[in-house]
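Participant: My questions are about this predicted structure, shown below with the sequence.
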Amino acid sequence: MRFVLILVTLQNNHINIMWAISSPIKENSRMPTKAEIASKTELSRQTVHKHLKDYKNSPYHAEYLEQFHIMQFKLMTAVFQYGMGGDMRAAKLYLEYIGVLKNGSPVNNLNNNTLIQNQNNYIQINGKVLSQETVKNLNPDQLNTIEGILKTIEEKEIEKKN
């Protein structure tokens, strides 16, 4: 009987401490001190400290983790819905979560398929295209001429800024 009473007290303390932590976060956007938690819950500061320190080893920790684990799918469904509605931050978060993006960039090995990225860079002036392939086929004099033109343009841009 005493063991059940202790568990009920621990659970009640936990619920009160969670409330005392979440309220200041919502109201003030900051984590409360242990003294503030103690004051809000009417528990001693030592009890709050012991509860926070020992909580990871309590039977409720694993139970709450299981509940949160199940809820991740509901949360990701909401994130997906926001992304589909045009919220690009939600879309990015969702794509990172499912492994399509890593730090904002496509993951190169998605579902064991190699992601092939082609990059086609070229310059077009008055209908004339200068591609990477064209540059590879130029002789050294032609390359020097193009580099000279680019240097002249760069120098003129620097002069405009000064």
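Facilitator: Happy to help now that I have it.
Participant: tell me which strands and helices the strand or helix carrying T47 is in contact with?
Facilitator: T47 is part of helix 45-54 when elements are defined by DSSP states H and E. The elements that helix 45-54 packs onto, with contact taken as 3 or more Cβ pairs under 8 Å, 6 or more residues apart in numbering; DSSP states H and E, are helix 2-28, helix 34-41. (C-beta placed from N, C-alpha, C; glycine too.)
Participant: Ok, which of these comes nearest V129?
Facilitator: helix 2-28 (57.2 Å; Cβ to Cβ).
Participant: how about the closest one: buried residues?
Facilitator: L10, N13, H14, N16, I17, A20, I21, P24 (16 or more other Cβ atoms under 10 Å).
Participant: you'd agree the second one is up against T47?
Facilitator: Which is N13. Yes: taking contacts as Cβ atoms under 8 Å, N13 lies within contact range of T47: 6.9 Å.
Participant: ok, now how distant is the most far-flung residue of the chain relative to its centre from T134?
Facilitator: Among residues of the chain, the one most distant from the C-alpha centroid is D141; the distance is 49.3 Å, by Cα atoms, centre = their mean. Distance, D141 to T134, using Cβ to Cβ, to the nearest Å: 15 Å.
Participant: now do I21
Facilitator: Relative to T134, and taking Cβ to Cβ, I21 is found at 64 Å.
Participant: looking at the helices and strands packed on helix 45-54, which is closest to D54?
Facilitator: So among those, helix 2-28 is nearest, using Cβ to Cβ, at 9.1 Å.
Participant: Tell me which other helices or strands the closest one touches.
Facilitator: Packed next to helix 2-28, using 3+ Cβ pairs under 8 Å, 6+ apart, are helix 34-41, helix 45-54, helix 59-84.
Participant: show me the contacts for the residue nearest to F80 when sequence neighbours are not counted.
Facilitator: Nearest in space to F80, with sequence neighbours left out and distances taken as Cβ to Cβ, 6 or more residues apart in numbering, is Y94 at 5.2 Å. Applying Cβ atoms under 8 Å, 6 or more residues apart in numbering to Y94 gives the contacts M76, V79, F80, G83.
Participant: Name the nearest of those residues relative to Y122.
Facilitator: G83 (33.1 Å).
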